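Novice: just need the structure, nothing else, for what follows:
(2 chains)
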Amino acid sequence: MLAALAALLLSLPDVALAQVAARDTAGAYGYFPGIGSRAAVWIVAQLHLMFAAFVLGVPIFAMVAEAIGMAGGDKRYDRLAKEFTRLLLVAYSATAIWGALLVFTLSSLYPRFWGYLTQVFSVSMWIYAALFFVESFTLYLYYYGWDIWKEGAAKLWHLGLGVLLNVVGTAVMFIADGWLTYMMTPPASVRPETAPGTVGVWTAIANATWMPINIHRTIANVVFGGSIVAAYAAYRFMAARNEEERQHYDWMGYVGNFIAISALIVLPFAGYWLGREIYAYNEQLGITMMGGFMSWLWIVQAILIGVLFLAANYYLWVGMARIPGAERFRPYTKWMLIILVGGVIVWATPHTMIATREELVAMGGSHHPFLGVFGVMSAKNTAVNLMILTTFLSFLVYRRANSRPVVSWAKTATWVQGAIFATAAAIVVFYGVYGYFVPAIVRIGFSVYQVLAVLATIVSVTVLDIFLVRGAESRGAIRWGEMPERSQYALFILAVTFTWLMGLMGFARSGIRQHWHVFEVMRDTSPWAATPALGYAAQIISVCVLIFLGLVGFVFWLTSLVEKPVPAALGVAPVARVEPRFAPGSTGE
Amino acid sequence: MRGTNLKIALIVLLTVGFYTLVANVIPQVESEVPRELTLGPGVTPEELVAAGEGVYHGPGGCEVCHGLGTRAPRLLTAEGALGLIGARCGLRVGGQDCKAYLYESLVKPQAYLVAGYEPIMPDMSRQLSPAQIWAVVAFLQAQGGEVTVTTDDLGGALAPGAAAGGAPAAGAAAPLSATMDPIEIMRGLGCFACHVFRGEGGPIGPELMKIGAARNVEYLRESILKPDATIAAGFERFAGLMPKDFGQKMTAAQLDTLVHFLANQR
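Specialist: Sure thing, here's the model as predicted:
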């Protein structure tokens, strides 16, 4: 059915998009029936990337959960980690299958381009394959050794396997990142006439955007893994057969969401870095991305991230109903909601957009007389930084809800935390307003100050809070399992939105090359060289998301066939303790 | 359980559908492939300037930075007392005339940096052909100055038998190679520019994938030699676009091969 849907969605636009291109293509391109070669490679590559993100993000999640379980002696984390490592076994196969399909489609549909890439990167491709072997077998050891190496030094060895799994997995990703970033930002020394075999493989890999993409993807994988974990927990929560299961999966959903949103908060900073490197590499490339034909993409992105922020905060606020003591923070949620909604509106305000003559006349100029003020980067950066601060505040409030600090300096520390928040917000707003009065080149630098203010707040307030709630008294036990069903829908929306966002940003990264396979080095002369409009891209992304989620659902179902029921001992007993505490050393009991 | 699954499926579909809808209701902008520029030996300064204007506003993407006055100097409007770019280009660097300065600015943009601006201009020779670069130089010279770009400057960028603006010169139909491969013949004639065939081509003319099911050999032969004799239904607005000189570009054997090949596409 999905294949039929894909064909239906893609066949008509593909015909409309077929372009007149320079015809030096004899033997350079193959033909894929129905949807065309570009859409075929696009879908396969996107699905491979989604599975790859899943199998890279979840091991980080599992390793951290296992370490927390070891440090705190809490068996729930260990069970959580193992449950997700089991999912990885099947997911790895799916990743490898889509990866093989990608190689086949590239080599048969884009043979000349694929030949070029193999000449540049052949050495790294062999290393990649070798590391993939190491990664796979490390995973098998990690999973199948779970119940064998579970005590004392053996457990430490087992955790070491988890670390190794992540190190090798990250190395695999870094190598592949070298290939794709080379396509976007090849070294300046590489020209169209440069023989690919003469390009040094390290020179090609260590290009301008390689490390920013590496960092951005690593963080994004954690976000993605966390959100899929949370969605899985939501499903199991809704399908729970007893109270123990409801408690366990309610807790798991919280942990997954916590990790996803924690990583999401720092993701924009990695994005800024990537954006700056793209501008530094080639100003025109950056302008194509932000102010050219892709400018509307960022409005769609703003809407998606707005949904993420709203859904994540909503989940936390609803969850506070099961935490004794949280009611004292309830009056503040409406103000946080106002900031978030206002932020989304500003962030999604268009500015320098392509408009028809009639629209220009109606606006009285190239920008809207009132909304145009909010469409510039000064306003948008301010909005997003305030949204990040607000979301962090939501987490902080959630964390503090059922604790009563006992340290003598508690009141002072709380005031200091408030002052840090206020200072950060003031810095963000100040540079946001000041940005209207300086040239663009100066204004771009202001985003760094705003980001640093927010980052410094997150770090300093968190550190302070860890010490503040150490040994705190409990205001009552968290009533795990007492969550309304609507809160679980928020977790599904988060997972779908993260997945869709991944597809959208993949289109942005790949699309800014426009009609180049390798930017300014190797032209795309295929009938699909023109970069499609966002509507068509959205249809491809949606097809990919539906196929991916369908397959992930199948993986979940497969693993559930051999699952044992949740032992009552590992359920979340409603004991009187300050929960949840994710950071080690902050149990607050 | 089934109810839970249905609810989840609905949530997923609604979310995906919402994002797809949003992305489809905003203005749809494609990034098109720049057209090649072919200049013939007889190209006039006016033709060069016109071609350069097309590159400036099109594949060159020059106005993105030079039209704002914040990222790069304004070129088509006056930059202070120095006037338009064509008037001031010869005054920037001592001993360097306008043409040399503009050419250097395009291919070695960091060689001379106008005070007050960042070194952000890319080397345009990586994106534009020599013909396009010289056309832009001519266009910029024409903004308040005299066009001094000549065919000597264009040198190897000139295509024999071609005229300005990318259109092949009249009567300069290049003979096709002796291939008898119908696909190669169609490629050589540029059929896929307008006809969709096996995933290639544009939707300007009828698709050729199953053309044999609806058209016989005689009809196809006439359509190739006299394309305006019968206009296919639904393509009336493109009438007149198909070249009428294919009969002079193919041998009789090639034409016969092509016609029978198409007639067999059912």
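
Novice: where does pLDDT dip in chain A?
Specialist: A:1-26, A:291-292, A:351-372, A:440-441, A:563-589 (pLDDT under 70).

Novice: ok, now with 50
Specialist: Applying pLDDT under 50 to chain A flags residues A:1-24, A:569-570, A:573-589.

Novice: grab the nearest non-local neighbour of the residue of it found nearest chain B.
Specialist: Residue nearest to chain B within chain A: A:Ala538 (3.3 Å; CB to the nearest CB). (Glycine included, C-beta is placed from N, CA and C.) Leaving out its chain neighbours, the residue that sits closest to A:Ala538 by CB to CB, 6 or more residues apart in numbering or on different chains is B:Ala23, at 3.3 Å.

Novice: that neighbour and A:Val300 touch, don't they?
Specialist: Yes - counting by CB atoms under 8 Å, B:Ala23 does reach A:Val300; the two are 5.3 Å apart.

Novice: which residues do the two both contact?
Specialist: Common neighbours of B:Ala23 and A:Val300, using CB atoms under 8 Å, 6 or more residues apart in numbering or on different chains, are A:534, A:538.

Novice: and A:Gly325, how close does it get to B:Arg88?
Specialist: Distance, A:Gly325 to B:Arg88, by CB to CB, to the nearest Å: 71 Å.

Novice: the two: which has the busier surroundings?
Specialist: Of the pair A:Gly325 and B:Arg88, B:Arg88 is the one with more neighbours under other CB atoms under 10 Å in any protein chain shown, namely 22 against 17.

Novice: contacting residues for that one?
Specialist: B:Arg88 neighbours (CB under 8 Å, 6+ apart): B:79, B:82, B:144.

Novice: just the closest of those residues to chain A, please.
Specialist: Nearest to chain A among the contacts of B:Arg88, counting by CB to the nearest CB, is B:Glu79 at 15.7 Å.

Novice: for B:Ser31, grab phi and psi.
Specialist: When read as degrees, to the nearest 10, the backbone of B:Ser31 gives phi -100, psi 110.

Novice: pretty sure the residue of chain A closest to chain B sits against B:Val25.
Specialist: No - A:Ala538 is not in contact with B:Val25 according to CB under 8 Å; the separation is 10.3 Å.

Novice: which one of these two is surrounded by more residues?
Specialist: More neighbours surround A:Ala538 than the other of A:Ala538 and B:Val25, with 26 against 9 (other CB under 10 Å).

Novice: spell out which residues of the stretch 151-300 of chain A are next to chain B.
Specialist: A:191-192, A:235, A:238-239, A:279, A:282-284, A:287-288, A:291-293, A:296, A:299-300 (CB under 8 Å from any CB of the partner chain).

Novice: buried subset of the residues you listed, written for ChimeraX?
Specialist: Applied in ChimeraX, the following selects the buried portion of these according to 16 or more other CB atoms under 10 Å in any protein chain shown:
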select /A:235,238,279,282,283,284,287,288,291,292,293,296,299,300
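
Novice: from the residues of the stretch 151-300 of chain A next to chain B, which land in helices?
Specialist: Among those, the residues falling in helices (DSSP state H) are A:235, A:238, A:279, A:283-284, A:287-288, A:296, A:299-300.

Novice: related to what we said a few turns ago, name the element the residue of chain A closest to chain B belongs to?
Specialist: helix A:534-560 (DSSP states H and E).

Novice: can you give me the buried ones in that helix?
Specialist: Buried residues in helix A:534-560 (16+ other CB under 10 Å): A:534-549, A:551-553, A:555-556, A:559.
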